[in-house]
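K.L.:
Give me a model of this one.
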Amino acid sequence: MTDPIEKAVDVPLPPIEAFDLFTTQIDTWWPSEIHSTSAGDRRPARSIDIEPYEGGQIIETRHDGRKTPWATITKWSRGKRFTFDWHVGRDPKNATQVDVIFTPSTICLLYISPSPRD
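P.N.:
Numbers count the residues shown, from 1 in each chain. Here you go, the predicted model:
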């Protein structure tokens, strides 16, 4: 297992607004033209959607209309925390856990590879 990677970003928004922007508008800020399964065909994704509940998925709708799951949501606490097992292009058993924590003025991302299993 590699050491976790942690990144904190200061944001000028209350946690609930930052959470909603991060999750409901992911396809407005995610660079799908270079980071998506469609990018392999040199095309941006049509959309990226997050199913807002534990057990939901992050799903890319590819440029050709096919849907590709990227991750499975493991924690969903609106305005506070969003955790998922990131497996885009890989077997979900080899997922990387990503934990995103929202605090006043800061979003903290923690990447742990591979995902710890309870």
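
K.L.:
Let me know how buried the nearest residue to residue 82 once chain neighbours are set aside is, in neighbour terms.
P.N.:
Among residues not flanking residue 82 along the chain, residue 100 sits closest, at 4.5 Å (CB to CB, 6 or more residues apart in numbering). (C-beta placed from N, C-alpha, C; glycine too.) Close neighbours of residue 100, defined as other CB atoms under 10 Å, add up to 20.

K.L.:
measure residue 100 to residue 109 for me?
P.N.:
5 Å (CB to CB, to the nearest Å).

K.L.:
re earlier: can you give me every residue that contacts the residue nearest to residue 82?
P.N.:
Neighbour list for residue 100: 22, 81-83, 107-110 [criterion: CB atoms under 8 Å, 6 or more residues apart in numbering].

K.L.:
Could you tell me which of those residues are located in helices?
P.N.:
Counted as lying in helices by DSSP state H, out of the contacts of residue 100, are residue 22.

K.L.:
Any of the contacts of residue 100 buried? List them.
P.N.:
Buried subset of these (neighbour count, 16 or more other CB atoms under 10 Å): 22, 81-83, 107.

K.L.:
Packing partners of the longest strand seen in the chain?
P.N.:
Counting residues, the longest strand found in the chain (DSSP state E) is strand 67-77. Applying 3 or more CB pairs under 8 Å, 6 or more residues apart in numbering; DSSP states H and E, we find strand 67-77 packed against strand 57-61, strand 81-86, strand 96-103.
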